[in-house]
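In: Build me a model:
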Amino acid sequence: MRRSSLAVRVALLIVSIVASTTLVQAQYRTSIQGVVTDSTGAVVPGATLTLTNPATNEKQVRVSDASGVFNFNALPASVAFQLEVEAQGFQKKVLDNVNLIPEQANALNVALVVGTASHAVVRARCHQTHPTGSRHLR
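Out: So this is what the prediction gives:
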């Protein structure tokens with residue numbers, strides 16, 4: 001009887017440790033939301049945004065909606081992402097080192113420059129996004 005009671009207690013302890021580890025990992029998630037615009041501030045619908053985790057090479061692709069809005073959700077916060085933004089009639093913009101604040105939505109607005117695909121890629125470094133206000137990258 002004592003052995004089975006001890007085995008149950010050990011099993012419950014293991015289950016609670018595994019469950020708490022899962023909860024701790026889930027806490028450190030974050031998201032990005034923003035608007036794609038042109039240099040005059042007009043929204044750019046239909047822009048393709050590719051978010052890459054350089055550590056795993058995992059890519060997520062989104063398309064800005066009719067209001068230029070895009071979202072990336074449930075992201076690990078400890079990663080410096082790369083964000084590529086492309087739209088017809090604009091130069092491709094690549095943002096390196098996009099660091100996010102854990103456990104909240106991070107605003108990241110992107111302004112594209114008019115041009116063609118044959119023009120150079122516009123690269124920028126993004127050190128941190130803003131949780132409440134918004135960061136505009138031109």
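In: For the nearest residue to T48 once chain neighbours are set aside, grab the count of nearby residues.
Out: In space, T48 comes closest to E86 once its chain neighbours are excluded; the distance is 4.9 Å by Cβ to Cβ, 6 or more residues apart in numbering. All C-beta atoms are positioned from the backbone trio N, CA, C, and that covers glycine. Neighbourhood size, E86 [other Cβ atoms under 10 Å]: 17.
In: what does N57 give?
Out: N57: 7 neighbours (other Cβ under 10 Å).
In: what does A47 give?
Out: What A47 shows, counting by other Cβ under 10 Å, is a neighbour count of 23.
In: now do A105
Out: 17.
In: got the contact list for it?
Out: For A105, the contact set (Cβ atoms under 8 Å, 6 or more residues apart in numbering) comprises T30, S31, I32, Q33, P131.
In: Give the bridge partners for the first one, please.
Out: Bridge pairing for T30 (DSSP bridges) gives the partners L75.
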